[in-house]
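Novice: starting from these lines, generate the structure:
(2 chains)
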There are 2 protein chains.
Amino acid sequence: MKAYSVKELLEGDKILQEVIVKGWVRTFRSNRFIALNDGSTIKNIQCVVDFENLDEEDLKKISTGAAIELKGTLVESMGRGQTVEVQVNELEILGASDPETYPIQPKKHSMEFLRENAHLRVRTNTFSAVMRVRNALSFAIHQYFQQNGFNYVHTPIITGSDAEGAGEMFRVSTLDAKNPPLSEDGQVDYKEDFFGKETNLTVSGQLEAEAYAMALGKVYTFGPTFRAENSNTSRHLAEFWMVEPEVAFMDLDGNMDLAEDFIKFVLQYVLDNCQDDLEFLEQRLLDEEKSKPQKERSEMKLTEKIRFVLENNFKRVSYTEAIDILKNSKPNKKKKFQYLIEEWGADLQSEHERFLVEKHFKCPVILFDYPAKIKAFYMRLNEDEKTVRAMDILFPGIGEIVGGSQREERLDVLKQKVADLGIDEKELWWYLDLRKYGSAVHSGFGLGFERLVLFTTGMTNIRDVIPFPRTPQSAEF
Amino acid sequence: MKAYSVKELLEGDKILQEVIVKGWVRTFRSNRFIALNDGSTIKNIQCVVDFENLDEEDLKKISTGAAIELKGTLVESMGRGQTVEVQVNELEILGASDPETYPIQPKKHSMEFLRENAHLRVRTNTFSAVMRVRNALSFAIHQYFQQNGFNYVHTPIITGSDAEGAGEMFRVSTLDAKNPPLSEDGQVDYKEDFFGKETNLTVSGQLEAEAYAMALGKVYTFGPTFRAENSNTSRHLAEFWMVEPEVAFMDLDGNMDLAEDFIKFVLQYVLDNCQDDLEFLEQRLLDEEKSKPQKERSEMKLTEKIRFVLENNFKRVSYTEAIDILKNSKPNKKKKFQYLIEEWGADLQSEHERFLVEKHFKCPVILFDYPAKIKAFYMRLNEDEKTVRAMDILFPGIGEIVGGSQREERLDVLKQKVADLGIDEKELWWYLDLRKYGSAVHSGFGLGFERLVLFTTGMTNIRDVIPFPRTPQSAEF
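Specialist: This next block holds a predicted model:
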């Protein structure tokens, strides 16, 4: 007798075979029908037990969350909602689940409650669906880059460089926390620390990825990155995963093409491979929004929204055009924006991005050629000497999902920028070397992976699309 | 005219086409023959320039490391060592590379020198080959697990748990390093730290992966892990990547089968997909070993060694059998071991592992059923109450490459073990919950990814198989 996953059994080609299946009880009704799930699919398999022939002690233990092993015959089902079911001959309780104390009962739980039980929440339909979609997106990312000749690069997590410049960092240390060694000038003596210098958790693998792109041509990273920012919002995590491709000989136009093609590939992959999960998540979103006023509901269903992105070109708009649109927009004229757009050079807030994407263009937007002053030092200065070859991709409901640029490949210009920022050139000696020896046009971008998962699953809080979220005051599990 | 990668041009189906190719000069000889590489393959394409029609300034700049763009015709080559070459019509210097200062000259460099230039070393044949093989192994890992129904899980990097117990940890903090806030009892007040508690970098994602396996069935992690150990050896890194599958309803035998099948799959993938790189690395190893005395040389060539692993069953040996073999071995009797094996219960040192693998069995070995005392608290206690269902896989030349176990699924036994270690149960409340609700037999293992890359590439120092190694006193780049 062979053991099968629930997914294999539901494929329906094993009718009348004797099978073994192991999983967790989702529900048990009428002392007869077990809905069994093993994580292989969001669907349960119905298992029919003959309670008259069951040990009474065992019968009591068939409760939500219990792990059981069943032997029986796979037969066509007469019941509604399934085509096959298991006619159970033998049942073994592997691990009971006390109904009095098991937190994950078959009822609606608040998201807050489930976050506090992050070790068990993946046993719910919602979280198991989200995590399977997350898995599919992850693999699609690798598949896309591999079939396009990119090399996966593991850039360092612990960094000795403080010039990455993308945000506040976490310090990594093995020094005595209470009485750190001090140097003669009374400062903490990091020479005595593990790495002999001050080190932090990386905010981006870009600089190191550039070094690799300038040798291997096309590379990408996919790994954890960190921000020690006290942002307690539904869009920020202190620890999150980022995808960062970097390509030699590619300019900003190529970068935009790559980002759009890449995003469409991974979304198509999920449509093709996660139908059951998406169907569930779509219905979940509809149910969720029923209680909201009409105007706050999504205009499109989940899969419609994904298809819409797949079937339409991302709108490419220069920062300068965007400022014109925003300056002349109703919310600006009627002073409805919190930050009014008055002149070229203003940094765009999420209210402006949302207006452009959700009200004006109604599709994903790529903004490019931003003012140099509001962007990072490594971005390629345009001939106007005012703007840089930066791009941000804005998604409906999500905001910025991609930030990228063509990199400054000219040694003299980059040195000047570094000097203007007061960064010691020695800090970036190796990064400058890339411009000294065999420099070339190159570009890349970073995609915040959890924001992509948010978009694809229709979840609304970023803490609900990563297994164990890290946020201010929270590092449980 | 279309741009192609070197790899595409070498496929040879574009003969007589006008092509564009961009890359870096590896060598330039006779003012005529450029060997151009773009990272897409270890092979260079020969590009033939007509120096009489070239700008003299440009001609001077064609030096090792320079980035150039060429337009020309792909033709069959009359020269030795290549089947096609580019007859160059137009040449543009994208970024020069001053031969007086460029560190990566076409000659042999010491590994130490190249480590100091880790941002450039990937421009050498050796490191580009290693990193392409590393990439292929990474993707093979994902492919194996995906096609076998596993879900990729991102377990947290920053952990609030200090019970992972696999080694020394790095502290993660945003507190003032010099004057941390103190609580009333005079200790550092981590309540004021970013996460409101003391946090560290993870040493393993296993415990969290178990939570996910007990819902999704089959999961794996593939991410960075950390050890703050002052081990300055050729086999240890402070930051390294680990693969950790975890499977519900699987016992130790299944775990051994999985590990063996998995390793063979990824090695086969590299044989199938990295022929050119392996050929180069095999020759490199032969050259390297020429200077060694005969008995220190490898008995097999690189690909022979990989094939040997593929074609033979891993030898499964209980710890008890292994101790018998070691006790009666020549080096033990002749007191050649540094640590003599005198009785059952001894922890095996790498000299013993090497003897078993390289001298006695001469193949990969899976040791299992270790004494409980020398293994982690979460491993399944056998009925003898002396041994646990642990397994280590030992590889020739590498030592331990996999460590795994069946996990203790019985709440009472696990609680006792936790208590015996003096760990507060509250620290592990969620891990114990997994045994309280729907517990079942489950197993998993961890594979040190860099050790796998070492084995597959024939490199000898672990610092040379990761892009930017982190070791004591070293976090440059």
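Novice: mind jotting down where the helices sit in chain A?
Specialist: Secondary structure of chain A (DSSP state H): helices at A:6-10, A:56-61, A:111-116, A:125-147, A:206-216, A:252-273, A:275-290, A:302-311, A:319-327, A:330-333, A:350-354, A:411-420, A:429-436, A:449-457.
Novice: residue numbers of the stretch 201-350 of chain A in contact with chain B?
Specialist: A:201, A:208, A:211-212, A:214-218, A:223-224, A:226, A:228, A:230, A:238-239, A:241, A:248-249 (C-beta under 8 Å from any C-beta of the partner chain). Glycine gets a C-beta too; all of them are placed from N, C-alpha and C.
Novice: let's go with 10 Å and repeat that
Specialist: Residues of the stretch 201-350 of chain A lying near chain B by C-beta under 10 Å from any C-beta of the partner chain: A:201, A:205, A:207-226, A:228-230, A:238-241, A:248-250, A:273.
Novice: list buried residues within those.
Specialist: A:201, A:205, A:207-226, A:228-229, A:238-241, A:248-250, A:273 (16 or more other C-beta atoms under 10 Å in any protein chain shown).
Novice: one step back: and among the helices of chain A, the most buried is which?
Specialist: helix A:206-216 (a mean of 27; mean count of other C-beta atoms under 10 Å in any protein chain shown).
Novice: what about it, average pLDDT?
Specialist: In this model, helix A:206-216 carries a mean pLDDT of 98.
Novice: give me the helices and strands touching that helix, please.
Specialist: strand A:151-152, strand A:218-226, strand A:239-248, helix A:429-436, strand A:442-448, helix B:125-147 (3 or more C-beta pairs under 10 Å, 6 or more residues apart in numbering or on different chains; DSSP states H and E).
Novice: care to break chain A down by domain?
Specialist: Residue ranges for each domain of chain A read A:3-102, A:123-168+A:203-464, as given by automatic domain parsing.
Novice: the last one: how far from the chain's middle?
Specialist: Its chain's C-alpha centre and that of domain A:123-168+A:203-464 lie 11 Å apart, by C-alpha atoms, centre = their mean, to the nearest Å.
Novice: what residues are up against the closest residue to A:K178 other than its chain neighbours?
Specialist: Spatial nearest neighbour of A:K178, excluding adjacent residues (C-beta to C-beta, 6 or more residues apart in numbering or on different chains): B:V188 at 5.0 Å. When contacts are counted by C-beta atoms under 10 Å, 6 or more residues apart in numbering or on different chains, B:V188 is found next to A:D176, A:A177, A:K178, A:N179, B:R171, B:S173, B:L175, B:P180, B:P181, B:L182, B:E198.
Novice: could you check how many residues crowd around the first one?
Specialist: The reference is to A:D176. When counting by other C-beta atoms under 10 Å in any protein chain shown, one arrives at 11 neighbours for A:D176.
Novice: for it, what are phi and psi?
Specialist: In terms of degrees, to the nearest 10, the main-chain angles of A:D176 are phi -60, psi 120.
Novice: now do the last one
Specialist: Note on B:E198: its backbone torsions stand at phi -70, psi 130 [degrees, to the nearest 10].
Novice: tally of neighbours for the spatially closest residue to it that is not a sequence neighbour?
Specialist: Using C-beta to C-beta, 6+ apart and skipping the chain neighbours, the partner closest in space to B:E198 is B:Y190 (4.4 Å). Here the count is done by other C-beta under 10 Å, and B:Y190 has 20 residues near it.
Novice: what of A:E343?
Specialist: A count of nearby residues for A:E343, using other C-beta under 10 Å, gives 7.
Novice: that one touches A:T320, doesn't it?
Specialist: No: A:E343 is beyond contact range of A:T320, at 11.4 Å (criterion: C-beta atoms under 10 Å).
Novice: for chain B, what is the nearest residue in the stretch 251-400 of chain A?
Specialist: A:N273 (9.7 Å; C-beta to the nearest C-beta).
Novice: in space, what's closest to that residue - neighbours in sequence excluded?
Specialist: A:A136 (5.2 Å).
Novice: contact partners for the one you found?
Specialist: A:266, A:269-274, A:277-278, A:456, B:146, B:151-152.
Novice: for A:S298, same thing?
Specialist: A:L285, A:L286, A:E288, A:E289, A:K292, A:E304, A:K305, A:P396, A:G397, A:G458.
Novice: ok, A:L267 next?
Specialist: A:L137, A:A140, A:K305, A:I306, A:R307, A:V309, A:L310, A:L452, A:F455, A:T456.
Novice: repeat that with 8 Å
Specialist: A:L267 makes contacts with A:I306, A:V309, A:L310, A:T456, as judged by C-beta atoms under 8 Å, 6 or more residues apart in numbering or on different chains.
Novice: between those residues, which sits nearest A:E57?
Specialist: Closest approach between the contacts of A:L267 and A:E57, by C-beta to C-beta: A:T456, at 44.5 Å.
Novice: the closest one against A:R307, yeah?
Specialist: No: proximity of A:T456 to A:R307 does not meet the contact threshold set by C-beta atoms under 8 Å, at 11.9 Å.
Novice: just the CA trace of stretch A:121-130, in CSV.
Specialist: C-alpha atoms of stretch A:121-130 as CSV (Å, rounded to 0.1, in the frame of the first residue of the first chain):
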residue,chain,number,x,y,z
ARG,A,121,-1.3,30.4,11.4
VAL,A,122,0.1,28.6,8.3
ARG,A,123,-2.3,25.8,9.3
THR,A,124,-5.2,28.1,8.1
ASN,A,125,-6.4,28.2,4.5
THR,A,126,-5.4,31.9,4.1
PHE,A,127,-1.8,31.6,5.3
SER,A,128,-1.1,28.3,3.6
ALA,A,129,-2.4,29.8,0.3
VAL,A,130,-0.2,32.9,0.8
